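A.B. asks: please work out how this folds:
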Amino acid sequence: MIEVDGSYGEGGGQILRTAVALSVLMNEEVSVTGVRAKRPNPGLRPQHLTVIKVLKELSEAETKGLSVGSRSIFFSPKRVVGGRYVSDVGTAGSVTLILQAVLLASLKSSKPVSLTVKGGTDVKWSPSWDYFARVFVPLVKRLGVKVEVDLVRRGFYPAGGGEVKMTVFPGEKLSSFKIDEPQRYGLVEGVVAISKLPSHISTRVRHSVIRFFLSNSMEAKVSVERDDESLSEGVVVTLWSNSDETVVGGAMVGERGFPAEKLGERCAMTLFHEMQAGVSLDVNATDQLLPYLAFVASKNHESSVFLTRELSSHTRTNMWLLEKFLPVRFEVKDVGGCKRVEVKPA
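C.D. replies: So this is what the prediction gives:
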């Protein structure tokens, strides 16, 4: 059994989600203690409980400690069972974080895994729907993961009520990711999604993004998507840019009292920094893709290598966690103002 200290690093929900997903993927029992120990409201919250229950059903696992507020859990998977699954967070808990956990857990499934999730599609501290669909999914597909995703309805904080669908298909051998040469990015694309707010807000966000990139002699094509079926009002901007080999992106969710112009400009500036650095993975994608690269390294005995601007606390925690489940190691070097990260079989 693998024992995980959930208070390690930032001590949040990421350790829990990733540990249980890896437990399913590697068919290893796991015990997680100190769940979300460094959060103001430690222990399992409804959104964390939701993802673990989905993974439990997916793998016919035996579990202990699955209740709101629990500080420790035990998870013993059997085998991944393909089929159709439905989950409702019941709040604006992030659906993209649930999808990422289920996708990782399903990599070795011999049958398709289809999941419909209701909750928050565009909420703070998680990938926006468009970042998930336009950046994360293309990156995992590049590795050979066969997955299709679909947005039914947006869900914003606090009511949620969004709905998304994902199907993971059995795939062939996954490939490594080897892009350690500086990338050149040009056209910026993006979406401003809005619900139950005046149209001038999305217009101002869009214009601020376009102005920012024009001032830096770059073109930006940004569309507006209105979905007033969402239960709560909200606005989110997601931007991305493709090189010949990869894609980088960024997203920001609007907040009451935060000017629309600032929202667009700040998101644009975040992406601009990634593009100017010539990285092959943006800071958030680095964290999110690491489990896949580690799995490829351990299974295929083949290294992956990439450039990123910096290693976030999430990324460092992920490295620590992945080394517990997989025979891998991470080599980090400073190269031209970036971090060159190599994921190697141990």
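A.B. asks: okay, and Val32 sits in which element?
C.D. replies: For Val32, the host element (DSSP states H and E) is strand 30-33.
A.B. asks: ok, that strand: who's next to it in the sheet?
C.D. replies: strand 2-5 (parallel), strand 73-76 (antiparallel) (DSSP bridges).
A.B. asks: looking at these, which is buried most?
C.D. replies: Ranked by mean neighbour count, the strands paired with strand 30-33 are led by strand 73-76 with a mean of 21 (mean count of other Cβ atoms under 10 Å). C-beta coordinates here come from the backbone N, C-alpha and C atoms, glycine included.
A.B. asks: the helix or strand following it packs against which elements?
C.D. replies: Following strand 73-76 in sequence order, the next helix or strand is strand 83-88 (DSSP H and E). Packing contacts for strand 83-88, counted by 3 or more Cβ pairs under 8 Å, 6 or more residues apart in numbering; DSSP states H and E, involve helix 46-59, strand 113-119.
A.B. asks: what helices or strands is the last one leaning on?
C.D. replies: Using 3+ Cβ pairs under 8 Å, 6+ apart, the elements in contact with strand 113-119 are helix 46-59, strand 83-88, helix 95-105, strand 162-169.
A.B. asks: nearest to Pro77 among those would be which one?
C.D. replies: helix 46-59 (3.7 Å; Cβ to Cβ).
A.B. asks: list the helices and strands that closest one packs on?
C.D. replies: Using 3+ Cβ pairs under 8 Å, 6+ apart, helix 46-59 sits against helix 13-26, strand 73-76, strand 83-88, helix 95-105, strand 113-119.
A.B. asks: between the longest one and helix 95-105, how many degrees?
C.D. replies: Translated: helix 13-26. 30 degrees (axes from the mean of the first three to the mean of the last three Cα atoms, to 10 degrees).
A.B. asks: please shift the residue numbers so they start at 57 in all later answers.
C.D. replies: Fine by me, first position is 57 from now on; the one you just mentioned is helix 69-82.
A.B. asks: report the distance from helix 69-82 to the chain centre.
C.D. replies: Chain-centre distance of helix 69-82: 13 Å, with Cα atoms, centre = their mean, to the nearest Å.
A.B. asks: next one: the second one
C.D. replies: Relative to the mean C-alpha coordinate of its chain, strand 129-132 is positioned 23 Å out (Cα atoms, centre = their mean).
A.B. asks: output it as CSV, restricted to C-alpha atoms.
C.D. replies: Extracted in CSV, the C-alpha atoms of strand 129-132 (Å, rounded to 0.1, in the frame of the first residue of the first chain):
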residue,chain,number,x,y,z
ILE,A,129,-9.2,8.0,3.2
PHE,A,130,-8.3,4.5,2.1
PHE,A,131,-8.8,3.4,-1.5
SER,A,132,-8.3,-0.1,-2.9
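A.B. asks: what average pLDDT does that strand get?
C.D. replies: Strand 129-132 comes out with an average pLDDT of 98.
A.B. asks: identify all contacting residues around it.
C.D. replies: 72, 76, 79, 85-88, 91, 100, 108, 111-112, 117-122 (Cβ atoms under 8 Å, 6 or more residues apart in numbering).
A.B. asks: give me the buried entries from those.
C.D. replies: Among those, those classed as buried by neighbour count (16 or more other Cβ atoms under 10 Å) are 72, 76, 79, 86-88, 91, 100, 108, 111-112, 117, 121-122.
A.B. asks: confidence-wise, which of the helices and strands packed on strand 139-144 is weakest overall?
C.D. replies: helix 102-115 has the lowest average pLDDT among these, namely a mean of 93.
A.B. asks: what segments of the stretch 157-306 of the chain are helices?
C.D. replies: 185-187, 193-198, 255-271 (DSSP state H, counting those that start in this stretch).
A.B. asks: quick one, which of the ones you listed is packed in tightest?
C.D. replies: Using mean count of other Cβ under 10 Å, helix 185-187 ranks as the most buried of those, with a mean of 26.
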